[in-house]
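Novice: sequence first, predicted coordinates after that:
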Amino acid sequence: MATPEYLYKYASYESSLKILTSGNFRWSSPELFDEPFNIRQDPGLDFDHASVSTAMLKSASAMIFTRDMPDGNNDHPLYKAIRRWRSEDRFHDEEEAFDALSELLAPTPESLKSKIATMVTEWRMLVEHARLLCFSDTFKDLQSWRLYAENHKGIALRFNCESNGTLGSARQVEYSSTRNRLSTLKEQVDDLVGINRALPSTEYASKLFIKPKSDASEREWRCLQVLAEEDLDCGEDVEDWYLDAPFRADELTAAYLGFAMSEEHKDEICDLIRTHYPRATIYLASPVAESYDIEFQKLPSRRSTPEPQVVAAR
């Protein structure tokens, strides 16, 4: 999907104040996200080298005798060997095949141990070096207003998505009903027997763009930076794994104030925007009388009270 013209940043009053006064976005490590189903820095693999090795031997043995050989990579050494053994009727039953393969592939557990350790190390490095910035392509999602905009006491800031701007590389989040894991036992086994390739470490970043289907209403987009080692300005304390980086003032094009924001906070935010982001339009939310929804009215560019203009969601 093409990047939309605008993306929206939900924020509490305090967070929006920091964004607007500093002119910075805070890019955070995924380890700082308050998302219980995230893959943490410790990925919590539910397999080890021994369980993968045993499952691989069972799978290979079964493939020799299954009626229909599953599709796979004909150039993969083990897959190629299994096809040959099938055509030769090499083994009498799965038990014999399992015993023979156990001897033939005896070095596999140790190589697997090293492979899994490398997998975990590379994932941990990515989490330490990755910095994410989160947006939505809608400013009318009630769940986002509740969770990220202080239960309607906060704000949604609209930024343009020019290709040469901060949000030009934004990528849409995928919402899945399947739990996001770094890898599974089946994926590792399928890789070893040549059915499907396991995700290489160069593609681990794709895991940072998957969330539960139950969050789909948020319509999230994320920007990702992976910092070089020399650019890391943090220690071992995870709370410091963030980067404050500026955005251009003209990238902020509108602000949507929550209907529960106090009058004092509204005045402060409006003054900030009118002073430092004069091209940005300000809207104020109000609950819809007949339904659980919100609508927005355009506020004047200065403190006066002309007729408000009701605007629809983009």
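Specialist: Happy to help now that I have it.

Novice: ok, the residue nearest the centre of the chain - contacts?
Specialist: With distances taken as C-alpha atoms, centre = their mean, Phe209 lies nearest the centre of the chain, 2.6 Å away. Residues near Phe209 by C-beta atoms under 8 Å, 6 or more residues apart in numbering: 171-174, 222. Using the backbone N, CA and C atoms, a C-beta is placed for each residue, glycine as well.

Novice: show me where this protein has strands.
Specialist: Secondary structure of the chain (DSSP state E): strands at 6-11, 24-28, 130-136, 155-160, 171-172, 174-176, 210-212, 220-226, 242-246, 252-257, 281-287, 294-298, 309-311.

Novice: and among these, the most buried is which?
Specialist: Using mean count of other C-beta atoms under 10 Å, the stretch among those with the largest mean neighbour count is strand 155-160, at a mean of 25.

Novice: give me the contacts around it.
Specialist: For strand 155-160, contacts defined as C-beta under 8 Å, 6+ apart pick out 5-11, 13, 16, 19-20, 135-136, 139, 144-145, 149, 165-167, 247, 251-258, 261, 269, 280.

Novice: change it to 7 Å
Specialist: 5-11, 16, 19, 139, 149, 167, 251-258, 269 (C-beta atoms under 7 Å, 6 or more residues apart in numbering).

Novice: who does it pair up with?
Specialist: strand 6-11 (antiparallel), strand 252-257 (antiparallel) (DSSP bridges).

Novice: make CSV from the ones you listed and add distance to His265 and mean pLDDT to it.
Specialist: Shown next, in CSV, are the strands paired with strand 155-160 (distance: least, C-beta to C-beta, whole Å; pLDDT from 0 to 100):
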stretch, distance to His265, mean pLDDT
strand 6-11, 12, 98
strand 252-257, 8, 98
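
Novice: can I get the CA coordinates of the longest helix anywhere in the chain in PDB?
Specialist: If you go by DSSP state H, the chain has its longest helix at helix 108-129. Extracted C-alpha coordinates of helix 108-129, given in PDB (Å, rounded to 0.1, in the frame of the first residue of the first chain):
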ATOM      1  CA  THR A 108      23.700 -31.600  13.400                       C
ATOM      2  CA  PRO A 109      22.800 -30.900  17.100                       C
ATOM      3  CA  GLU A 110      26.100 -29.000  17.700                       C
ATOM      4  CA  SER A 111      25.800 -27.000  14.600                       C
ATOM      5  CA  LEU A 112      22.200 -26.200  15.600                       C
ATOM      6  CA  LYS A 113      23.300 -25.000  19.000                       C
ATOM      7  CA  SER A 114      25.600 -22.500  17.300                       C
ATOM      8  CA  LYS A 115      22.900 -21.500  14.800                       C
ATOM      9  CA  ILE A 116      20.300 -20.800  17.500                       C
ATOM     10  CA  ALA A 117      22.700 -18.900  19.600                       C
ATOM     11  CA  THR A 118      23.600 -16.700  16.600                       C
ATOM     12  CA  MET A 119      19.900 -16.100  15.900                       C
ATOM     13  CA  VAL A 120      19.300 -14.900  19.400                       C
ATOM     14  CA  THR A 121      22.400 -12.700  19.400                       C
ATOM     15  CA  GLU A 122      21.400 -11.000  16.100                       C
ATOM     16  CA  TRP A 123      17.900 -10.400  17.300                       C
ATOM     17  CA  ARG A 124      19.100  -8.800  20.500                       C
ATOM     18  CA  MET A 125      21.400  -6.600  18.500                       C
ATOM     19  CA  LEU A 126      18.500  -5.400  16.300                       C
ATOM     20  CA  VAL A 127      16.300  -4.600  19.300                       C
ATOM     21  CA  GLU A 128      19.200  -2.600  20.900                       C
ATOM     22  CA  HIS A 129      19.900  -0.700  17.700                       C
END
